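Peer 1: task: produce atomic coordinates for the following.
(one chain, ligands or ions: 3)
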Amino acid sequence: MLRVAVPNKGSLSQSASEMLRESGYRQRHDSKELTLLDAENGVEFFYLRPRDIALYVGEGTLDVGITGRDLLLDSGAKADEVMELGFGGSRFHFAGPAGRYAGLDDLAGKRIATSYTGIVRDFLQQRGIDASVTRLDGAVETSIQLGVADVIADVVETGSTLKAAGLATFGEVILDSEAVLVTRGGEAPAGFEVFCRRLEGVLVARTYVMMDYDIPSSRVSQAVGLTPGIESPTVSPLHREGWVAVRAMVPRNGSQRLMDELYEIGARGILLTDIHACRL
Ligand SMILES: Nc1ncnc2c1ncn2[C@@H]1O[C@H](COP(=O)(O)OP(=O)(O)OP(=O)(O)O)[C@@H](O)[C@H]1O
Ligand SMILES: O=P(O)(O)OC[C@H]1O[C@H](OP(=O)(O)OP(=O)(O)O)[C@H](O)[C@@H]1O
Ligand SMILES: [Mg+2]
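Peer 2: Numbers count the residues shown, from 1 in each chain. Ligands and ions are numbered 1, 2, ... in the order given. Just a heads-up that it's a prediction; the model follows:
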């Protein structure tokens, strides 16, 4: 049985369960359920705080986990990132009252509030910056107004929370984060490869669409240059003399522009269809 940790609450929880469901696994229907056994697929899911997930995996108590890259690094756990999952994207930034701070040089001697003390302390140490770090559980933006800190270091997604608090980021992005799959390294546990392949299948199905079109044979090499597919496109004869049908996976982004270009060079009957799952 592969033992998998899944975020039970917060920004990553819903998308993680959705991805697992799309990968063909059972997921809980009630957010109070703490574990769920999917015996048919040989997986047991444990719903845990995303901040704790890398620790369980690093200790070897659980085999695989879904968490944020920022939470993994902050934990200092002996777990490794093995796959980006394409959701839960955020940037980790220093921020202060808008207009007051110009760059990281301004951090020296300041009081920094954050929920991610591991990341912040490592960063300050690497840069040789001397500043004090206070750990807060959340709502760190308010700590400046209340006089507890001069600067915060926090997750920024849309930036609307910072703006509402009259704060602005300064300096470079400390970390680009997203949801990732983590394991402990060493020998892969039984069932791990199948689990990864299923998630990869969903990632690819989300990123690609299937494109079909008909084109005169004389233009096929030009068309295939535009839609090379993953291995190579399928080209089949049509009943109509001098025409072929082409089928290839293409990136979802830019697929409308690609349809325009194919039309320009003589393709007709151009169809786009969603892919629901795949194994490459
Ligand atoms: N808008 C966001 N706010 C917070 N975390 C976010 C956001 N968008 C993505 N994330 C990512 O989600 C993870 C944090 O999730 P976590 O559940 O610990 O906090 P949360 O979403 O703020 O939930 P809560 O504060 O309600 O417990 C991090 O990896 C973070 O980068
Ligand atoms: O850039 P934004 O889209 O505004 O999102 C980022 C904000 O969301 C999170 O807070 P959350 O709502 O989780 O509250 P918390 O501080 O209590 O964790 C995070 O800590 C930021 O404050
Ligand atoms: Mg939060």
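Peer 1: against ligand 1, how distant is Leu107?
Peer 2: 21 Å (CB to the nearest ligand atom, to the nearest Å). The way it works is simple: take the backbone N, C-alpha and C, and place the C-beta from them, glycine included.
Peer 1: for Gln14, same thing?
Peer 2: 10 Å.
Peer 1: that residue: what secondary structure?
Peer 2: Recorded secondary structure, Gln14: helix (DSSP: H, G, I helix; E, B strand; the rest coil).
Peer 1: show me what residue of this protein gets nearest to ligand 2.
Peer 2: Nearest residue of the chain to ligand 2: Gly138, at 2.6 Å (CB to the nearest ligand atom).
Peer 1: give the contact list for that residue.
Peer 2: Contacts for Gly138 (CB atoms under 8 Å, 6 or more residues apart in numbering) come out as Ser115.
Peer 1: wait, is it part of a helix?
Peer 2: No. With three-state DSSP as the criterion, Gly138 is coil rather than part of a helix.
Peer 1: any idea how far it is from ligand 1?
Peer 2: Distance from Gly138 to ligand 1, by CB to the nearest ligand atom: 5 Å.
Peer 1: check that residue and give its pLDDT.
Peer 2: Here, the pLDDT recorded for Gly138 equals 94.
Peer 1: now Ser13
Peer 2: For Ser13, the pLDDT comes out at 98.
Peer 1: same check, this time on Phe192
Peer 2: Per-residue pLDDT puts Phe192 at 96.
Peer 1: verify the stated contact: it with Leu62.
Peer 2: No. Contact criterion CB atoms under 8 Å: Phe192 and Leu62 do not qualify, at 11.8 Å.
Peer 1: more neighbours: which of those two?
Peer 2: Shown here are Phe192 and Leu62; by other CB atoms under 10 Å, Leu62 has more neighbours (25 against 17).
Peer 1: pretty sure that one sits in a strand.
Peer 2: No. Remark: Leu62 does not belong to a strand; assigned using three-state DSSP, it is coil.
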